[in-house]
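Asks: following is a predicted model, sequence given first.
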Amino acid sequence: MITHVADLTLHTVSLDGVRQFYNGLLGLPIASETASEIRFRVTPFTTLTFAETYEPVAPAHFAFEVPWSSFSDVVAYLKREAGIPLLRWPDGRETIDDGTLANAYFRDGDGHLLEVSAHRYVREDALPQNGPVKILYLREVGFPVEDVSAFRGWLSGRFGMKLAKVHDDFTFAIGGTAHAVVVSKRRRWIPIGMLALPPNMTVTFGLSGRDAPARIRAWAEGETVLSADGDGLTILRDGYRIRFAAKTDVPADIAARLHLP
Ligand SMILES: [Fe+2]
């Protein structure tokens, strides 16, 4: 089954800009770098990649999960040490903390909308805490789509993702630690009312288990397959490149180890 987001690849108009932000300010190590692409190591099992492109960048939304007990330290690091302005809600607040969920939002130089979130129920010792932002895992990736019902139905029916917070214009489709935020293109991103343009992105979901390669191969049936190799498959759907790859570095029971609901 899907356990995690193994890689998120986004577009940028400046590799130097993303290096300064993600390595210099957020403290993510550089995993690899070419003339046209830079890849950061978010956790031992997740990378964040930026490909330089001569075209306007439609901002993506994604979220890092951080430990509940460290949320205020993470926010202090972002504001004071990194000097990153947090985005404000219409009432002026920079963070939300309802007793079970805390989060804060900010943007990078291309306008991608980042979030740090912390949930009280997440066990903090099941995964390493990475870098000064203490990232446990890449939790959310936003998918603005025309038809929320059809897209979430595809993710759950085809790939076994579980659905939560099911609304006409919003749904979480969940596989392990990975939360696809399926939203209507007409629903704006909080907290700044950002228009939900579909970003140009490739999202790689990792699967564990000995049967993962066979399971992935079976998923190609009837889909628009862009590429396929031994352990992976890239499908085009609603303009998104969605890759599934067999991985051995994340335990199949990661959700249970973290106490995810
Ligand atoms: Fe979010």
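Replies: Arrived safely, thanks for sending.
Asks: what about the protein, any weak spots by pLDDT?
Replies: Low-confidence segments of the chain, defined by pLDDT under 70, are absent.
Asks: which parts of it sit against the ion?
Replies: Where proximity means Cβ under 5 Å from the ion, the interface of the chain facing the ion comprises A63, E115, E140. C-beta: built from backbone N, CA, C; applies to glycine.
Asks: how about the first one: which residues does it bridge to?
Replies: With DSSP bridges as the criterion, A63 is bridged to E115, E140.
Asks: contacting residues for it?
Replies: Residues near A63 by Cβ atoms under 8 Å, 6 or more residues apart in numbering: N103, L114, E115, V116, S117, L138, R139, E140, H179.
Asks: can you list the residues you listed in TSV and add neighbour count?
Replies: Compiled in TSV, those are given as follows (neighbours: other Cβ atoms under 10 Å):
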residue	neighbour count
N103	21
L114	23
E115	21
V116	25
S117	20
L138	25
R139	25
E140	20
H179	26
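Asks: for the helix or strand encompassing T9, what is the distance to the chain centroid?
Replies: Secondary-structure element containing T9, defined by DSSP states H and E: strand 2-12. Chain-centre distance of strand 2-12: 6 Å, with Cα atoms, centre = their mean, to the nearest Å.
Asks: what kind of secondary structure is R243 in?
Replies: When classified by DSSP: H, G, I helix; E, B strand; the rest coil, R243 comes out as strand.
Asks: for the ion, see how far away it is.
Replies: Taken as Cβ to the ion, to the nearest Å, the spacing of R243 relative to the ion amounts to 21 Å.
Asks: what's near enough to touch that residue?
Replies: Contact partners of R243, counting by Cβ under 8 Å, 6+ apart, are D7, T202, V203, T204, F205, G232, L233, T234, I235.
Asks: what packs against the helix or strand that contains the fourth one?
Replies: What that stands for is T204. In this structure, T204 is located in strand 202-207 according to DSSP H and E. The criterion is 3 or more Cβ pairs under 8 Å, 6 or more residues apart in numbering; DSSP states H and E, and the helices and strands that strand 202-207 contacts are strand 2-12, strand 240-246.
Asks: still on that earlier bit, pull out the buried positions in the helix or strand following the strand holding T9.
Replies: As assigned by DSSP H and E, the chain's next helix or strand after strand 2-12 is helix 15-18. Along helix 15-18, the positions that meet the burial threshold by neighbour count (16 or more other Cβ atoms under 10 Å) are L15, V18.
Asks: can you report how many residues lie near F244?
Replies: Residues contacting F244 under the criterion other Cβ atoms under 10 Å number 27.
Asks: tell me how far it lies from T204.
Replies: To T204, F244 is 7 Å away according to Cβ to Cβ, to the nearest Å.
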